[in-house]
Structures are given as structure tokens and as C-alpha cells.
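Undergrad: model this:
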Amino acid sequence: EGTPVHRLSSWAYPFGFLLSLFFYLLRKAHAHDIIHVHTLNSPAVVSVVAAKLLRIPVILKVTRSGANTQLSHYQGSKWRRFVMRLMFSGASRLVAITDEVQTELTQCGVPSKKILEIPNGVDIPDQLEPSNTKSQCTFLFVGRLIKRKHVDMLLRAWGAANINEHAR
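TA: Residues are numbered from 1 along each chain as shown. Take a look at the predicted model:
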């Protein structure tokens, strides 16, 4: 509906994609005032390098903290720590979605003035008022169907909750 979507080449993935991304950013430099990357993997590195060359700001969103995350991955070797420092020094800001992410970024040496805490999700009031306008109760899961989302746990909880027949 009027919003352009640009799909980049994925030949010889991931290197072909990363080259495609780099040259796209350079080619479209005039069209971008800022680059916002929602990951800390190789597209973030490419975006930081391109942003430095183009002299435009780049924001990196850090999506998780703890073990087995991208942040922990970059602690694994001298080379990975170098890449992490490159990303963090080249980023104008880093978005932390939790207090834990913010703490980890600070422990990685990111100055607190570069970190913006913007929580993911939606605020839900402590007390929800039941709706009497519906005869059914509807639950909705929104997310990727991947192991760490624990949809299996949600389904087991649903079954154990003994929810009445009007729920779906």
C-alpha cells in the first residue's frame, strides 16, 4: 500500500547477501538519514561500516541477554570481541529492550549515554476487566514459532487451565 519493500539478493548466502546489503546502502545513501538494525549479527557489522563511510547514524537493537545470545557469542574469542567493539563504537545508539540487556551492554564497555532502553512489547494493566460483551474468550499468541518462544509450554498450560468451552 505504497510502502516500498526492497528484497536483497541472497546468492551465496550469507556473503552474497552481505555484499548486496553493503552496495545497496552505498547506492541508496541519499535516501537514508539513519540506519536501524534489529540484530547484532553480520548485517549489523556491514551496516555500521557503511554508515561510517556515509557519515549517517546507525542504531542497533539488542534483542536478548544471557547465555546463548548474540551478546554472549561476541565474548567467545578475541576476533569476536573485536567485531563487537567495532559495532558498538560505530553505532550512534544501542537499543536495550530490558534492564538485563542494558546491564550487559554496560559490562561490555558501552557508555550508558549510548544506550536507550526501549522495552519490547505492550504494557498490560495489573488488573484486566473481564469483557461481558463476548460469549467467547479468545487468546492470541503473536511471535515466531521457534523453540525459545515455548509455544509448547503455552499449549500445555492452556490444557491444564481447564478453561471453559467458550474459550478458543
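Undergrad: If you count contacts, what does the helix or strand hosting Thr103 end up packed against?
TA: Per DSSP states H and E, Thr103 falls inside helix 99-107. Judged by 3 or more Cβ pairs under 8 Å, 6 or more residues apart in numbering; DSSP states H and E, the packing partners of helix 99-107 are strand 58-62, helix 70-73, strand 93-96, strand 115-117. (C-beta placed from N, C-alpha, C; glycine too.)
Undergrad: Below-threshold pLDDT in this protein: ranges please.
TA: 1, 122-140, 142, 162-168 (pLDDT under 70).
Undergrad: If we use 80, what do you get?
TA: Scanning the chain for pLDDT under 80 picks out the ranges 1-7, 9-10, 120-146, 148-149, 157-168.
Undergrad: so where do the helices sit in it?
TA: 15-27, 42-54, 70-73, 78-90, 99-107, 151-160 (DSSP state H).
Undergrad: Specify the stretch among those that is closest to Thr3.
TA: Taking Cβ to Cβ, helix 15-27 is the member of the helices of the chain nearest to Thr3, at 16.9 Å.
Undergrad: on that earlier part again, what residues does the helix holding Thr103 touch?
TA: For helix 99-107, the external contacting residues (Cβ atoms under 8 Å, 6 or more residues apart in numbering) are 62-66, 71, 88, 94, 96, 112, 115, 117.
Undergrad: can I get the CA coordinates of that helix in CSV?
TA: Only the C-alpha atoms of helix 99-107 are listed here, as CSV (Å, rounded to 0.1, in the frame of the first residue of the first chain):
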residue,chain,number,x,y,z
ASP,A,99,17.3,-3.9,32.1
GLU,A,100,19.4,-7.1,31.7
VAL,A,101,20.4,-6.1,28.1
GLN,A,102,21.3,-2.6,29.3
THR,A,103,23.4,-4.1,32.1
GLU,A,104,25.2,-6.5,29.7
LEU,A,105,25.9,-3.6,27.3
THR,A,106,27.4,-1.6,30.1
GLN,A,107,29.5,-4.6,31.1
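Undergrad: any idea of the angle that helix forms with strand 58-62?
TA: 120 degrees (axes from the mean of the first three to the mean of the last three Cα atoms, to 10 degrees).
Undergrad: buried residues in helix 99-107?
TA: Across helix 99-107, burial judged by 16 or more other Cβ atoms under 10 Å covers 101-102, 104-105.
Undergrad: Out of those residues, give me the two with the largest separation.
TA: Gln102 and Glu104 (7.4 Å).
Undergrad: Val95 and Lys114 touch, don't they?
TA: No: contact between Val95 and Lys114 fails when scored by Cβ atoms under 8 Å: they sit 10.2 Å apart.
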